[in-house]
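Undergrad: need the 3D shape of this:
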Amino acid sequence: MGATTIGALIGGAIDSMSGDDSAADGALYGAITANVLKVVLPVVATWAIGWGVLKGIEILGDSVSERIKA
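TA: From the prediction side, this is the model:
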């Protein structure tokens with residue numbers, strides 16, 4: 001099952017708990033949320049890893065320059 005289908009099932013189940021209306025709009029919101037997360041999460045993870053690498057290079061560069069001065 002794809003992420004969109006699972007998102008729709010979970011959204012529909014959560015929305016049907018309230019009992020106010022059908023689970024169709026919850027399924028729609030769940031499917032949209034799943035598709036957005038499929039794009040956003042990899043972008044955020046890539047940014048975080050890149051930031052960590054750059055921060056590590058900065059710390060390493062500072063350490064090397066301090067040892068050269070001393």
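
Undergrad: give me the distance between Thr46 and Thr33.
TA: 20 Å (CB to CB, to the nearest Å). All C-beta atoms are positioned from the backbone trio N, CA, C, and that covers glycine.

Undergrad: and the two? which has more neighbours close in?
TA: Thr33 (16 against 10; other CB atoms under 10 Å).

Undergrad: where's that one, which helix or strand?
TA: Under the criterion of DSSP states H and E, Thr33 resides in helix 24-69.

Undergrad: quick one: average pLDDT of that helix?
TA: Throughout helix 24-69, pLDDT has a mean value of 92.

Undergrad: I'd like to know which elements it is packed against.
TA: Applying 3 or more CB pairs under 8 Å, 6 or more residues apart in numbering; DSSP states H and E, one finds that helix 24-69 makes contact with helix 3-18.

Undergrad: alpha carbons of the helix it packs on, as CSV, please.
TA: Extracted as CSV, the C-alpha positions of helix 3-18 are listed here (Å, rounded to 0.1, in the frame of the first residue of the first chain):
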residue,chain,number,x,y,z
ALA,A,3,1.7,6.3,1.5
THR,A,4,-1.2,8.1,0.0
THR,A,5,-3.6,5.2,0.6
ILE,A,6,-2.4,4.7,4.2
GLY,A,7,-2.7,8.5,4.8
ALA,A,8,-6.3,8.4,3.4
LEU,A,9,-7.2,5.4,5.6
ILE,A,10,-5.8,7.0,8.8
GLY,A,11,-7.3,10.3,8.0
GLY,A,12,-10.7,8.7,7.3
ALA,A,13,-10.5,6.7,10.5
ILE,A,14,-9.7,9.7,12.6
ASP,A,15,-12.4,11.8,11.0
SER,A,16,-15.0,9.2,11.5
MET,A,17,-14.4,9.1,15.2
SER,A,18,-16.2,12.4,15.7
